[in-house]
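# Turn this into a structure:
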Amino acid sequence: MNLKATAYHEAGHAVVAFLQFFKIEFATIKPAGEAAGMVKSMARGKVDPDIATPAMRAKIEALIIVTLAGDIAQRKHQAKSVRRWHASADRQQAADLALSICGSGESATAYLAWLDIVTRNIVEGRWSVIERVAAALLERETLTGDELRAVILGPIAAKTECGTAKG
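Here you go, the predicted model:
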């Protein structure tokens, strides 16, 4: 995978994780092992598929959406950059999570198809933010959680409480 495609893939994960209120430790496009890059993030609070509550299902759904976002962002950036194996670990994790809360393969497949649409809509709606994060990753290679937050919030973070730009 080329570096720019990796940046968009990881930016997709990072931005969507931020939107899902995940705690983000860092994002990087530096290769490590078999990974071309990574985002280290976690849902707030315990995530346990064995706890069958609506709140836990919502957390797992958010995790699936974050997991799907990298591949979707990379495809939006440059569909030809994607190879079948690029997001295989992400897709497997999403499938395992869906199966854990759906119970059957048929319902898990339908649920994943719906979450794929939801995730594509999120990525499309926040595309300019994903582009900013990808550009920052290409410039710096690694961003801390605080640096990601600043890039994601962009112009919003540069305003004071009364709505005027800092000077």
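
# drop to CA atoms for contacts and neighbour counts, all remaining ones
OK.

# what's the neighbour count on the nearest residue to residue 30 once chain neighbours are set aside?
The shortest distance from residue 30 to any non-neighbouring residue, by Cα to Cα, 6 or more residues apart in numbering, is to residue 37 (5.4 Å). Number of residues near residue 37 (other Cα atoms under 10 Å) recorded here: 20.

# unless I'm mixing things up, residue 37 is touching residue 13, no?
No - under the criterion of Cα atoms under 8 Å, residue 37 is not in contact with residue 13, lying 10.8 Å apart.

# Show me what the lowest-mean-pLDDT helix or strand in the chain is in contact with.
Ranked by mean pLDDT, DSSP states H and E, the weakest helix or strand in the chain is helix 88-102, scoring a mean of 88. By Cα atoms under 8 Å, 6 or more residues apart in numbering, the list of residues contacting helix 88-102 from outside reads 49-50, 52, 57, 60-61, 63-64, 67-68, 105, 107-109, 111-112.

# Out of those residues, list just those in helices.
Among the contacts of helix 88-102, the ones falling in helices (DSSP state H) are 57, 60-61, 63-64, 67-68, 105, 107-109, 111-112.

# Which one of those residues is nearest to residue 143?
residue 67 (18.8 Å; Cα to Cα).

# which sections of this protein are below the confidence cut-off?
1, 81-86, 156-167 (pLDDT under 70).

# all helices for it, in order.
Under DSSP H, the chain gives helices at 3-19, 54-78, 88-102, 105-125, 127-140, 145-153.

# which stretch among those comes nearest residue 25?
That would be helix 145-153 among the helices of the chain, by Cα to Cα, at 4.7 Å.

# How about residues contacting the closest one?
Counting by Cα under 8 Å, 6+ apart, residues outside helix 145-153 touching it are 14-15, 18, 23-27, 129-130, 132-133, 136, 157.

# again, only this time at 7 Å
Contacts to helix 145-153, defined as Cα atoms under 7 Å, 6 or more residues apart in numbering, come from residues 15, 24, 25, 26, 129, 132, 133, 157.

# So among those, which ones count as buried?
Among the contacts of helix 145-153, those buried by neighbour count (16 or more other Cα atoms under 10 Å) are 15, 24, 25, 26, 129, 132, 133.

# most surrounded residue in the ones in helices among the contacts of helix 88-102?
Within those, residue 68 tops the neighbour count with 26 neighbours, counted by other Cα under 10 Å.

# Distance check, that one against residue 147.
Residue 68 sits at a distance of 23 Å from residue 147 (criterion: Cα to Cα, to the nearest Å).

# quick one: residue 43 and residue 93, what's the gap?
Taking Cα to Cα, one finds residue 43 at 15 Å from residue 93.
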